[in-house]
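Participant: Below: sequence and its predicted model.
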Amino acid sequence: MEGHSTYQPQGKVARWFESRLPIMGLLHSSAVAYPTPKNLNYLWTFGAILTFMLGCQIVSGIVLAMHYTAYAPVSFARVEHIMRDVSYGWLIRYIHANGASMFFIAVYIHMFRGMYYGSYKAPREVLWILGVIIYLLMMATAFMGYVLPWGQMSFWGATVITNLFSAIPGIGETIVQWLWGGYSVGDPTLNRFFSLHYLLPFMIAGVVVLHIWALHHVGQNNPDGLDVKSVAKDTVPFTPYATIKDIFAMVVFLLFFSWFIFYIPNYLGHSDNYIPANPLATPAHIVPEWYFLPFYAILRSIPDKLGGVLAMFGAIAVLAFLPWLDTSKVRSARYRPLFRQFFWIFAVVSVGLGYLGSQPAEGGYVIASRILTAYYFIHFLVILPLLGLFERPKPLPASIADAVLARGAKGATAPHAKA
Amino acid sequence: MINRSILFGALASALLLAAPVKAAEGGDRPHRESWSFAGPFGTYDQGQLQRGFKVFREVCASCHSANFLYFRNLAQEGGPGFSEAQAKAVASEYQITDGPNDQGEMFQRPGRLSDHWPAPFPNEQAARVANGGAYPPDFSVLAKARSYHIGFPGFITDAFIQYQEHGVDYIHALLTGYVEPPAGTTVQPGLHYNKYFPGHQIAMPKPLSDGQVEYTDGTPQTEDQYSRDVSAFMMWMAEPHLDARKRMGFQVFIFLILLSGLLYFTKKKVWKNVSH
C-alpha cells in the first residue's frame, strides 16, 4: 500500500545524500505520495490530532520538568512556583494538565471510530493491537503524571491504584512495596513516578512510529470499510488532500482545547488536588481523573477485590482480542444495521460507566454499575461474536469510487454522507 | 438512520444518567454570586482586592497563613494594584526572622518585597494548640481547593458557561453561613454551626461581623461585603494570573477562528475537483 516513491532528489547534494540515506524518499512516500482513501470523513483526522497532542505533551512536559522538583516536601510548592513565578508557567502547566484530557478525548474518539468502522479487522489486527498498547502506556503515563503535583488526589489516587496490585495472591504485598519503594506511598514513589512519567511518553512515541508504519503498510480503513481497488480511482495523495484536512481539523481541535486552557482550566481537575498531600487525612471521595472513570466503575462493581482488579484489567485486555471477537467479515457499521444499534448502546454504556465511576459506590449506583459492567463484557464476548453469524449485512458497493458516486447521486437527500 | 441512532443514544443516556441523581450532600448549596472575574472577559476589581486584602490582613491573617503570597505580589500586574512603595511599606511593618548572620545567629529584620507573608504560627502544632485542636488551612490556593457538589446536569452545563467560581462561592457562603442550629441539633463544644460546612460543625468561630473592618472608600461595612471582598482576594491569591490568562484567551480565540476559517476555505479549494 505504500505509494511507490516518486521522489526525485533535486540537486547534487540531495542526490548524494539520498543514495546514502533515503530518508527524504521515506518522508515523501509516507507523507506526500501516500495514497489515502478519498471517502475519509473528519473522524479520520484524529490520528494527526493525537500525534500533535503527543508532541504538545512532550514539549510542555519538558519545560515543566525544568522547573519542577520531585521531592515530597516541596513538590506541591514547586508546582505553585510554576503557576505563580515562572514566566507563563501557568500557561504551560494548564496546557499540560488539560492536554492530558484532550489527549484522552481524542484517543476515545479515535478508538470508537475504529470500532464503528471495523478498523481492527484483517489486515489491521496488529495496527489495532499496537493502538491498545499505546492506550495502556497513555493510561500509565497519565496516572503517574497526576501524582506529581503531590496534592490530596495525587496521593490518595496513587494509594488506591497501587494497592490494586496487592490483590494478586501470594506476591501481591511484595509487589506493592516494590512499587512504592517503601511501606506506603511516599517520596520514593513520587521520584520513581516522575522518572517513569518522563520515560513512558518516549515509549509511546516509539510505538506510535510502529502504529503509523503498520498503518502505512496495510493502508487506511475508510467509512465504507472497503479495500482500495484502484489507487487512481479510490485514493488521493496524502499531500495536499489529507494534510490540509488534518491541519484544519487540528486547528478546530485547538479551539476546543483553548476553551479549557484559558477559560475553565480547573474544570477537569479535582479541587482536592489543590490541598497538599496529607497521609493522615483521607478525602471524602477518592475519584480518579475522568478518563479512568469507566474502568474505576468496573473495578468497584465487583464485590471481590481480586475479581474487581481482574475485571478492570480484563476490560482493557478484551480490546486486544476485538479483531477475533468480531466475527463479521463486513467492516463498516454503515453496512451492518444491527451492529450499528449495538455500537451505540455500547457507547452509551461506556459513558454511563464513566458517570457511575464518579459517584460514591453505594446503593443504586452499585447495582447500575454491575448491570453496565456485565453489558460491557457481554458486548465483546457474546454480542459481537454472534452478530457476525446472524446479522445480514447490506450489500457492499463494488469499490470506494462506486460508494462515493452512489452517495453523490443522492447527495441532496443524504447530506451527512458527504465528508 | 444515523439521526435515529443518535437520538436513541441520547435518550438512553439521559435516562441512565437521570435515574441515580440525588440531592447534594450536606444540605445547603452555596449561592452563585456574581464576580467581576467570572466569564471570558472577567478581571479582578482592584478596589475589591484592596478591601479584601484589608479584611485578610486585619482578620483572617491572625490565624491563617498564606505561604505562597509574597509582598512583591501586592504590586504585581493583575493584582490589587498597590504601588511598589506601598507594597514595601506593608512589608516593612512585619518582622521577619532571617539569618544566620556572621555571628551564626538568627535575627529579626523588617520585611522586604521578596519575603512571603509571615505565618501567624511557627508550625502546625502551635496553630492547633492556639485554635482548639483545629488547623487553620493555608490561604494561598484555598479558593481553588474548595468546591461543592454540583451533580448532573450542572457539571456539564458549567463547562459551557465557564463556571469556575466554585471555590469563592463556597467561601463566601461559608463566611456568611453562621446561623442558629436547627432545633434538636447539638453542636459539639468548641465547634460552631454553619449551614454550608460539610457536616455543619466547624471549628472556626464566626469571623466577620458588620462594622468590623474600616473601609475608606465608602463601601458598606457589612459582613456580606467583607465576605465578598475577602473571597475575591483569596481567588486572586489562588490564581494571580487570571487577568492575563483570560486576556490571552481572547487573543488566541480570535487568531484560531480566523486561521480555521482560512484553512476551511483552503481545504475546500484543494478538494474542489475530487468527489468524496
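Facilitator: Cool, the structure landed.

Participant: What is the neighbour count of residue B:238?
Facilitator: 25 (other Cβ atoms under 10 Å in any protein chain shown). All C-beta spots, glycine's among them, are computed from the backbone N, C-alpha and C.

Participant: Mind pulling the model confidence for it?
Facilitator: What the model reports for residue B:238 is a pLDDT of 98.

Participant: List the contacts of it.
Facilitator: Neighbouring residues of residue B:238 by Cβ atoms under 8 Å, 6 or more residues apart in numbering or on different chains: A:274, B:140-145, B:167.

Participant: Skipping its backbone neighbours, what lies nearest it in space?
Facilitator: Leaving aside its chain neighbours, residue B:238 sits nearest to residue B:143 (4.0 Å; criterion: Cβ to Cβ, 6 or more residues apart in numbering or on different chains).

Participant: pretty sure the one you found belongs to a helix, no?
Facilitator: Yes. Residue state for residue B:143 (DSSP: H, G, I helix; E, B strand; the rest coil) corresponds to a helix.

Participant: of all of chain B, which residue lies closest to chain A?
Facilitator: Here the residue of chain B nearest chain A is residue B:249; by Cβ to the nearest Cβ that distance is 2.7 Å.

Participant: which helices and strands does the helix or strand that residue falls within pack with?
Facilitator: Counting by DSSP states H and E, the element that carries residue B:249 is helix B:242-270. Packed against helix B:242-270, as judged by 3 or more Cβ pairs under 8 Å, 6 or more residues apart in numbering or on different chains; DSSP states H and E, are the following elements: helix A:89-116, helix A:243-258.

Participant: let's see 6 Å
Facilitator: Helices and strands touching helix B:242-270, by 3 or more Cβ pairs under 6 Å, 6 or more residues apart in numbering or on different chains; DSSP states H and E, are helix A:243-258.

Participant: Quick check: what element follows the helix it packs on along the chain?
Facilitator: Note on helix A:243-258: by DSSP H and E, the next helix or strand toward the C-terminus is helix A:293-301.

Participant: Would you state the helices of chain B in chain order?
Facilitator: In chain B, the helices defined using DSSP state H lie at B:2-18, B:46-58, B:84-92, B:124-130, B:142-145, B:154-160, B:166-175, B:223-238, B:242-270.

Participant: Once you drop chain neighbours, what's closest to residue 48?
Facilitator: In the absence of a named chain, chain A is used. Once flanking residues are discounted, residue A:48 sits nearest to residue A:246: 3.7 Å by Cβ to Cβ, 6+ apart.

Participant: hm, I was asking about chain B
Facilitator: Closest residue in space to residue B:48, ignoring its immediate chain neighbours: residue B:232 at 4.9 Å, by Cβ to Cβ, 6+ apart.

Participant: Report the separation between that neighbour and residue B:33.
Facilitator: Taking Cβ to Cβ, to the nearest Å as the measure, residue B:232 falls 10 Å from residue B:33.

Participant: Name the residue in these two with the higher neighbour count.
Facilitator: Neighbours per residue (other Cβ under 10 Å) separate residue B:232 from residue B:33, with residue B:232 holding more: 27 against 16.

Participant: quick revisit: now the helix holding residue B:249: buried residues?
Facilitator: Judged by neighbour count using 16 or more other Cβ atoms under 10 Å in any protein chain shown, the buried positions of helix B:242-270 are B:242-243, B:245-246, B:248-249, B:252-253, B:256, B:259-260, B:263, B:267, B:270.

Participant: Kindly report the same for stretch B:187-205.
Facilitator: Along stretch B:187-205, the positions that meet the burial threshold by neighbour count (16+ other Cβ under 10 Å) are B:191-197, B:200-204.

Participant: Equivalent analysis for stretch B:89-99, please.
Facilitator: Neighbour-count burial for stretch B:89-99, counted by 16+ other Cβ under 10 Å, picks out B:90-91, B:96.

Participant: Out of the helices of chain B, the one nearest residue A:56 is which?
Facilitator: Residue A:56 lies closest, by Cβ to Cβ, to one member of those: helix B:242-270, at 14.2 Å.

Participant: Residue A:211 reaches residue A:130, doesn't it?
Facilitator: Yes. Here residue A:211 reaches residue A:130: they are 4.5 Å apart, a contact under Cβ atoms under 6 Å.

Participant: Residue of chain A nearest chain B, please.
Facilitator: residue A:262 (2.7 Å).

Participant: Check what pLDDT that residue gets.
Facilitator: According to the per-residue confidence, residue A:262 scores 98 in pLDDT.

Participant: Chain neighbours aside, what residue packs nearest to it?
Facilitator: If the residues on either side of it in the chain are set aside, residue A:262 comes closest to residue B:249, at 2.7 Å by Cβ to Cβ, 6+ apart.

Participant: Kind regards, and thank you for your time.
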